[in-house]
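Colleague: Task: produce atomic coordinates for the following.
(4 chains)
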Number of protein chains: 2
Amino acid sequence: MEIEPIKECSQTILAIHDVMDLFKGKWKMSIIACLCYKKMRYSELLREVKGISGRMLSKELKELEMNELITRNVLNTQPVAVEYEITEYGATLKNLTKTIAKWGLNHRRRIIGK
Amino acid sequence: MEIEPIKECSQTILAIHDVMDLFKGKWKMSIIACLCYKKMRYSELLREVKGISGRMLSKELKELEMNELITRNVLNTQPVAVEYEITEYGATLKNLTKTIAKWGLNHRRRIIGK
DNA sequence: AGTCGTAAGTTACTAAAAGTAACATGTATG
DNA sequence: CATACATGTTACTTTTAGTAACTTACGACT
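Modeller: Sure thing, here's the model as predicted:
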């Protein structure tokens, strides 16, 4: 008799795997959280997402845009400014980022407390 | 005048970054979700976490153990069985895994629906 | 006019992480 | 004795992340 995975669990694992794959790398979730807060320009994101490099930021932004989680708007100002904004769909992640941040804050306290 | 990052946002970003760093790689969150469901043996995890290799599984398990999110118990059966179990602290991630899974399920529907 | 600074990236290169396939060791089963 | 299963490890390759320097265009300062 062949052993089968647990269905109830498999569904969940699959869903989690999808999410982890979509947000792979350490930066994407932070970028999303930033843009959930307000729309920002490239240079603002470089400042807010501490430690990220230009190369990584533009790579991550491209991927997020491809997944329709953010939009890139070139403003016709002189000189051009580029604004990144969360999409309606991207905004559905707000609750998720909050949950992560909440656990993270608690974890940080726990680690520091040691 | 120097431009400063937004404090409210920075705290959140920092916390999220901590979490993403702790769970980097695509497997850890899935493993946690599995073990939140029930304690499992190495071979069970290999089956449940579809696509993971032995090398990756043991690496990830070691890291999760180091972070006190899971425990490794060698049972004195013949032949030895190894059981991985979520810790009390690890179990605080249950809500997070649920939130991720929920979004992931919805996302999967959206992608397939296209 | 020349230099510096800012914005929004890109390029070339290096380092780290993930993935693959085969091997090891002990036990149990036909 | 040959085969299979459990629990990994080792050696090797591929992919991803990270770093530092460069680019292009404009604006401000001297």
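Colleague: wait, isn't residue A:93 in contact with residue B:103?
Modeller: Yes. Counting by CB atoms under 8 Å, a contact exists between residue A:93 and residue B:103, whose distance comes to 6.8 Å. Just so you know, the C-beta spots here come from the backbone N, C-alpha and C atoms, and that holds for glycine as well.
Colleague: does the residue nearest the centre of chain A count as helix, strand or coil?
Modeller: For chain A, the residue sitting closest to the mean C-alpha position, by CA atoms, centre = their mean, is residue A:29 at 2.2 Å. Three-state call for residue A:29 (DSSP: H, G, I helix; E, B strand; the rest coil): helix.
Colleague: list the contacts for it?
Modeller: If you count contacts by CB atoms under 8 Å, 6 or more residues apart in numbering or on different chains, residue A:29 has them with A:23, A:97, A:100, B:16, B:19, B:20.
Colleague: could I get those residues as JSON lines with secondary structure and distance to DNA strand D?
Modeller: Compiled in JSON lines, these are given as follows (DSSP: H, G, I helix; E, B strand; the rest coil; distance: CB to the nearest atom of the strand, whole Å):
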{"residue": "A:23", "secondary structure": "coil", "distance to DNA strand D": "9"}
{"residue": "A:97", "secondary structure": "helix", "distance to DNA strand D": "18"}
{"residue": "A:100", "secondary structure": "helix", "distance to DNA strand D": "17"}
{"residue": "B:16", "secondary structure": "helix", "distance to DNA strand D": "14"}
{"residue": "B:19", "secondary structure": "helix", "distance to DNA strand D": "15"}
{"residue": "B:20", "secondary structure": "helix", "distance to DNA strand D": "10"}
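Colleague: With respect to residue A:60, which of these is nearest?
Modeller: Proximity of those to residue A:60 (CB to CB) peaks at residue A:23, which lies at 9.7 Å.
Colleague: list the contacts for the closest one?
Modeller: For residue A:23, the residues meeting the contact criterion (CB under 8 Å, 6+ apart) are A:29, A:32, B:20.
Colleague: Mind putting the contacts of residue A:29 into JSON lines with pLDDT and distance to DNA strand C?
Modeller: As requested, the contacts of residue A:29 are arranged in JSON lines below (pLDDT from 0 to 100; distance: CB to the nearest atom of the strand, whole Å):
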{"residue": "A:23", "pLDDT": "92", "distance to DNA strand C": "13"}
{"residue": "A:97", "pLDDT": "96", "distance to DNA strand C": "21"}
{"residue": "A:100", "pLDDT": "96", "distance to DNA strand C": "18"}
{"residue": "B:16", "pLDDT": "95", "distance to DNA strand C": "17"}
{"residue": "B:19", "pLDDT": "95", "distance to DNA strand C": "14"}
{"residue": "B:20", "pLDDT": "93", "distance to DNA strand C": "11"}
